[in-house]
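In: Coordinates for the following, if possible.
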Amino acid sequence: MHRTKLFDHVILMMGVFFMVGPLLVALMTSSHEAAEIHRNGLQILPGGHFIDTYTTVLTKQGGFTGKITGLRMMMNSLILGVGFAAGKIILSMLAAYALVYFRFRFATITFWMIFTTLLLPLEVRILPSYEVMNTLHLTNTYTGLIVPLLASATGTFYFRQFFKSIPDELLEAARIDGAGPFKFFIDVIVPLSKTMIAAIFIIMFVYGWNQYLWPTLMTTDESFFTLVRGIKQILLVWVGSNIPDYNEAFALAILAMLPPVMIVMIFQRWFIKGLTESDK
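Out: Numbers count the residues shown, from 1 in each chain. The predicted model follows:
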């Protein structure tokens with residue numbers, strides 16, 4: 001029994017090492033100068049430029065226009081992540097509410113048609129989506145970044161499963177009290193769905209925060225660049241004798257990881273509870 005527990009702990013520690021190890025290497029490397037990183041490669045010991053590097057990436061104006069900062073890119077990523085998650089939750093809840101509580105024909109078929117869109121990744125519909133946004137003159141706007149990605153079969157599926165677990169007696173009681181569909185949704189369904197909303201928000205925020213392909217296609221104005229795209233932009237400056245600012249790229253990578261990690265850590269209990277409640 002003791003050996004079994006020891007083996008389990010060794011496996012867990014190895015998993016932690018493989019997960020955290022690259023992050024520590026990135027953190028240590030970001031504290032060195034770009035020339036030293038270019039010459040000696042990745043570093044496992046801290047350097048003497050930690051504060052300077054992170055201050056530079058957050059506040060120094062750069063890019064091709066010389067006007068974009070790390071704080072601006074972080075704000076753009078935050079707007080994209082929050083708008084993406086909030087929009088998906090609202091649309092998913094309304095779609096699931098209609099599928100569960102509005103007894104119309106072909107509701108099941110409609111749900112499975114929505115669900116099969118999971119087989120269509122963003123790359124399949126990216127050109128038509130871009131053409132529509134370009135025709136509406138929504139490139140280089142937050143609306144163009146967020147709206148085309150809002151439809152969510154995943155969110156609809158989870159909310160549908162959760163709504164189906166809510167007792168029908170609540171609906172009957174609401175009808176007796178004279179509550180209409182909208183009031184029942186706002187006063188009963190939404191409060192009961194708080195944990196599920198938190199779980200879906202975490203998933204969608206992380207997904208939206210890490211978006212690279214769609215923001216790259218939709219934005220040519222640096223003032224709308226996201227943090228993830230900023231990392232790639234730093235590595236494209238190899239001109240003549242200049243070398244990329246590897247330390248700043250690693251620093252941006254660390255900064256890009258912090259908000260999703262913080263959200264997951266803060267709402268971890270709600271996240272687990274929301275996902276498990278959908279199976280009841």
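In: element containing Val16?
Out: Following DSSP states H and E, one finds Val16 within helix 2-29.
In: and that helix, what other elements does it pack with?
Out: Packing partners of helix 2-29 (3 or more CB pairs under 8 Å, 6 or more residues apart in numbering; DSSP states H and E): helix 246-266. In short, each C-beta sits where N, CA and C put it, glycine included.
In: if we look at the helix it packs on, which residues are touching it?
Out: 23, 26-27, 29-34, 37-38, 49, 53-54, 56-58, 70, 73-74, 77-78, 81, 202, 205-206, 209-210, 227-228, 230-231, 234-235, 271 (CB atoms under 8 Å, 6 or more residues apart in numbering).
In: quick revisit: can you list the buried residues in the helix holding Val16?
Out: By 16 or more other CB atoms under 10 Å, the buried positions in helix 2-29 come out as Ala26, Leu27, Met28, Thr29.
In: Kindly indicate which of those lies nearest Thr110.
Out: Closest approach to Thr110 among those (CB to CB): Ala26, at 45.4 Å.
In: The nearest residue to that closest one once chain neighbours are set aside - how many residues pack around it?
Out: Ranked by CB to CB, 6 or more residues apart in numbering and with sequence neighbours excluded, the top spatial neighbour of Ala26 is Phe250, at 4.8 Å. Using other CB atoms under 10 Å, Phe250 has 26 neighbouring residues.
In: Ok, the one 3 residues further on next?
Out: Neighbours of Ala253 under the rule other CB under 10 Å: 20.
In: same question, the one 5 residues further on
Out: A count of neighbours around Leu258, defined by other CB under 10 Å, yields 10.
In: quick one: it and Ile231, what's the gap?
Out: Shown here: Leu258 relative to Ile231, a distance of 14 Å by CB to CB, to the nearest Å.
In: remind me which residues of the stretch 151-280 of the chain are low pLDDT?
Out: Residue ranges of the stretch 151-280 of the chain with pLDDT under 70: 234-242, 274-280.
In: Would you map the helices across it?
Out: Per DSSP state H, counting those that start in this stretch, the stretch 151-280 of the chain carries helices over the ranges 153-164, 168-176, 181-184, 190-192, 194-209, 213-218, 227-234, 246-266, 268-277.
In: Make CSV from those and add distance to Ser129 to it.
Out: Output for the helices of the stretch 151-280 of the chain, formatted as CSV (distance: least, CB to CB, whole Å):
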stretch, distance to Ser129
helix 153-164, 16
helix 168-176, 37
helix 181-184, 31
helix 190-192, 30
helix 194-209, 15
helix 213-218, 8
helix 227-234, 18
helix 246-266, 24
helix 268-277, 29
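In: Ser77 contacts Tyr212, correct?
Out: No: Ser77 lies out of contact with Tyr212 (CB atoms under 8 Å); the separation is 10.6 Å.
In: okay, and the common contacts of these two?
Out: In contact with both Ser77 and Tyr212: Thr226, Val228, using CB under 8 Å, 6+ apart.
In: Have a look at these two and say which one is more surrounded.
Out: Higher neighbour count among Ser77 and Tyr212: Ser77, with 25 against 12, using other CB under 10 Å.
In: Secondary structure element for the more buried one, which one?
Out: Using DSSP H and E, Ser77 sits in helix 70-101.
In: okay, now Pro244: neighbour count?
Out: Pro244: 17 neighbours (other CB under 10 Å).
In: quick one, phi psi at it?
Out: phi -60, psi 150 (degrees, to the nearest 10).
In: Surely it is in contact with Ile37?
Out: No: applying CB under 8 Å, one finds Pro244 not in contact with Ile37, separated by 9.3 Å.
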